[in-house]
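Q: Next one to model:
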Amino acid sequence: MLAEYAERGIETAFVAGLGGYVEFDAEEMLQFHRQERQASTRAFNERGALDFWVIKRRVISTVPATRSAAYPLCGYVNPLARARDLRRLVVDALQGRCQLSPMGREIKPRVWVDDGAQLHRRARVVAPAYIGRASSVREDTLITRFSNVESFCEVDYGTAIEDSSVLSNSYVGIWLDVSHAVVCGSKLLNLSRNATLNLADCEHAQKKYCASQRYKSRDWWKLPGAASLDH
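A: Residues are numbered from 1 along each chain as shown. Alright, predicted model coming up:
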């Protein structure tokens, strides 16, 4: 890619490693790079070196760190290396600690709903929270405590989502209590227990129990054999 930049006549390029989230002042970093008169400049913060560089066009090959200027980056940085990092980014965004802001409309203080999302009138969304584009939140559900439901998701009947992230194109079945977790597709990673669950298995157990009880009790999770995702 750097070779392509050189062929197009681009004098200087910003190069970043995949995965992390970095907030920086591009003009300030570029000015610093020019003042230092080095082949490359690498960003550093209080935790050490970052995979974030400014490189001159004529230096296409990898530049040794000893020849790089060290730019002190003061902006927000999240490595997004683990699921906990993702949760921290969501919480920081909902609290306004970084420049990342929720998409959509703020229907009430610190509750954002993106285009096409459907909230049942008996669903509760407690601030701060985010509901993504074209997602569906069914009746008697609860979304609370810095939770985000991303685009094209469905949170089914009676389920509670607390301090959790539901990633795009995920389905969370009926009567589940999801807390301190990240949901991706049909998989759930519980951050408190560092355990992964298959939500499809939990949903099957729930439907079987609810059918036998004809929805007489709301406290299904207190019974032996019920699948609980609480912390």
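
Q: which residues touch the residue nearest the centre of the chain?
A: The centroid of the chain falls nearest to Leu86 when counting by C-alpha atoms, centre = their mean (4.3 Å). Shown in contact with Leu86 (C-beta atoms under 8 Å, 6 or more residues apart in numbering): Leu80, Ser165, Val182. Where C-beta positions appear, they are placed from N, C-alpha and C, glycine not excepted.

Q: For the first one, give its distance to Gly19.
A: Note on Leu80: its distance to Gly19, by C-beta to C-beta, to the nearest Å, is 5 Å.

Q: Domain boundaries for this structure, per the record?
A: Here the chain is described, according to automatic domain parsing, as comprising the domains 2-78, 83-216.

Q: Let's have those in CSV, adding mean pLDDT.
A: Formatted as CSV, the domains of the chain follow (pLDDT from 0 to 100):
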stretch, mean pLDDT
domain 2-78, 85
domain 83-216, 91
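
Q: Would you map the helices across the protein?
A: Using DSSP state H, the helices of the chain run over 2-7, 26-36, 83-94, 199-213.

Q: roughly how far out does the second one sit from the chain middle?
A: This means helix 26-36. Centroid displacement of helix 26-36 relative to its chain, using C-alpha atoms, centre = their mean, to the nearest Å, is 30 Å.

Q: Just list what it packs against, helices and strands only.
A: Contacts defined by 3 or more C-beta pairs under 8 Å, 6 or more residues apart in numbering; DSSP states H and E place helix 26-36 against strand 12-16, strand 40-45, strand 48-56, strand 68-72.

Q: Single out the most deeply packed of the domains of the chain.
A: Using mean count of other C-beta atoms under 10 Å, the stretch among these with the greatest mean number of neighbours is domain 83-216 (a mean of 18).

Q: circling back: show me the one of the helices and strands packed on helix 26-36 that comes nearest Val137.
A: Proximity to Val137 (C-beta to C-beta) singles out strand 12-16 among the helices and strands packed on helix 26-36, at 34.8 Å.

Q: Note down every partner strand of the closest one and its orientation.
A: Note on strand 12-16: by DSSP bridges, its sheet partners are strand 48-56 (antiparallel).

Q: ok now do the nearest residue to Val172 once chain neighbours are set aside, which residues does it touch?
A: With sequence-adjacent residues excluded and distances taken as C-beta to C-beta, 6 or more residues apart in numbering, Val172 is closest to Val155, at 4.9 Å. Val155 sits next to Ser135, Ser136, Val137, Arg138, Thr141, Ile143, Val149, Ile161, Val166, Val172 when contact means C-beta under 8 Å, 6+ apart.

Q: For Val155, name its beta-bridge partners.
A: With DSSP bridges applied, the residues forming beta bridges to Val155 are Val137, Val172.

Q: Repeat that for Leu188.
A: When assigned by DSSP bridges, Leu188 has beta-bridge partners Val183, Leu197.

Q: Surely it is in contact with Leu199?
A: Yes: in terms of C-beta atoms under 8 Å, Leu188 counts as a neighbour of Leu199; the distance is 5.5 Å.

Q: Tell me who's in contact with the nearest residue to Gln99 once chain neighbours are set aside.
A: Nearest residue to Gln99, sequence neighbours excluded (C-beta to C-beta, 6+ apart): Glu23, at 5.3 Å. Residues near Glu23 by C-beta under 8 Å, 6+ apart: Gly75, Tyr76, Val77, Cys98, Gln99.

Q: how does it look with 6 Å?
A: Gly75, Tyr76, Gln99 (C-beta atoms under 6 Å, 6 or more residues apart in numbering).
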